[in-house]
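S.K.: Just a sequence and a predicted model for now, questions to come.
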Amino acid sequence: MNSLIKLELTRALRNRKFLFFSVIYPSVLFLIIAGNADSTTEVTGTDLTLPTYMMVSMASFGALTAVLMGNSERIAKERESGWVRQLRLTPLPGRGYVLAKTASAAVVSLPSIVVVFAVAAALKDVRLDAWQWLALTGAIWAGSLVFAALGVAIGYLASGDAVRPITMITYFGLSMLGGLWMPTTTFPSWLQDIAEWLPTHAYAALGQAIEQSRAPHAQDVALLAVFFLLFTGGAAWLYRKDTLKA
């Protein structure tokens with residue numbers, strides 16, 4: 001399995017388009033959204049400045065891009081090309097393929113988080129304690145596994161032709177409605193009620209809690225745990241179904 005993880009990492013790092021959208025694009029969006037805000041402009045309903053608030057949102061968005069977009073399209077295309085069927089003839093267990101995909105995506109998601117943090121600190125003067133930077137990195141990185149599991153599930157659900165539109169609708173829907181592109185406090189009240197139950201909203205809320213030096217809300221932690229179980233369970237079921245079909 002280690003060899004497969006190394007192969008997946010090499011392929012991902014050679015894909016310049018993927019690296020741009022997962023590593024550079026979130027930082028560019030951060031500068032566009034927070035570019036004109038000063039260090040005193042606060043997001044309504046929080047004690048956070050706009051740059052500090054959007055730093056977590058864009059770091060979460062970058063990690064989401066890396067694990068969701070990376071997993072779903074690759075798995076669907078490899079199923080269609082017969083690569084997954086060939087791997088089943090090797091000693092590699094089925095779960096090893098899924099774990100290799102998840103692990104490689106998680107590794108690639110780390111630079112997207114770090115780059116957003118570096119840009120926010122250098123260009124927008126975001127200042128946090130050392131423990132907060134470390135906790136933010138760990139929380140956002142670990143939370144991305146929820147969406148890595150979703151990417152695996154979509155990859156086994158969709159065909160090579162259908163995977164991109166399904167992934168894009170899911171990706172943009174979760175990003176926008178979950179408040180990664182703009183604070184949910186700017187949404188109408190009915191849309192805020194919907195956003196509170198989305199995994200992306202809970203995901204960003206973990207980082208915002210760390211920035212505010214408080215414990216995350218139990219609802220956000222529970223919501224992410226439930227979605228992780230749903231996505232991993234769905235991925236496992238779809239994998240078994242695909243194996244029987246082959």
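M.R.: Happy to help now that I have it. Residues are numbered from 1 along each chain as shown.
S.K.: Go ahead and flag the most central residue of this protein.
M.R.: If you average the C-alpha coordinates of the chain and look for the closest C-alpha using CA atoms, centre = their mean, you land on Leu64, 1.7 Å from that point.
S.K.: Which residue is the nearest non-sequential neighbour of it?
M.R.: Setting aside the residues directly before and after it, Leu64 is nearest to Phe147 in space (CB to CB, 6 or more residues apart in numbering), at 5.1 Å. Every residue, glycine included, has its C-beta placed from N, CA and C.
S.K.: what is the rounded mean pLDDT of the helix or strand encompassing the one you found?
M.R.: With secondary structure defined by DSSP states H and E, Phe147 is part of helix 130-157. Mean pLDDT, taken over the full extent of helix 130-157, equals 92.
S.K.: Run through the neighbouring helices and strands of whichever helix or strand comes after it.
M.R.: Along the chain past helix 130-157, the next helix or strand (assigned with DSSP H and E) turns out to be helix 163-177. Based on contacts counted as 3 or more CB pairs under 8 Å, 6 or more residues apart in numbering; DSSP states H and E, the elements that helix 163-177 packs against are helix 50-64, helix 70-81, helix 130-157, helix 189-195, helix 199-211.
S.K.: Report the angle between helix 163-177 and helix 70-81.
M.R.: Using axes from the mean of the first three to the mean of the last three CA atoms, to 10 degrees, one finds that helix 163-177 and helix 70-81 are set 170 degrees apart in direction.
S.K.: in helix 163-177, what counts as buried?
M.R.: Across helix 163-177, burial judged by 16 or more other CB atoms under 10 Å covers Val163, Ile166, Thr167, Thr170, Tyr171, Leu174, Ser175, Leu177.
S.K.: Centre of the chain to it, how far?
M.R.: 12 Å (CA atoms, centre = their mean, to the nearest Å).
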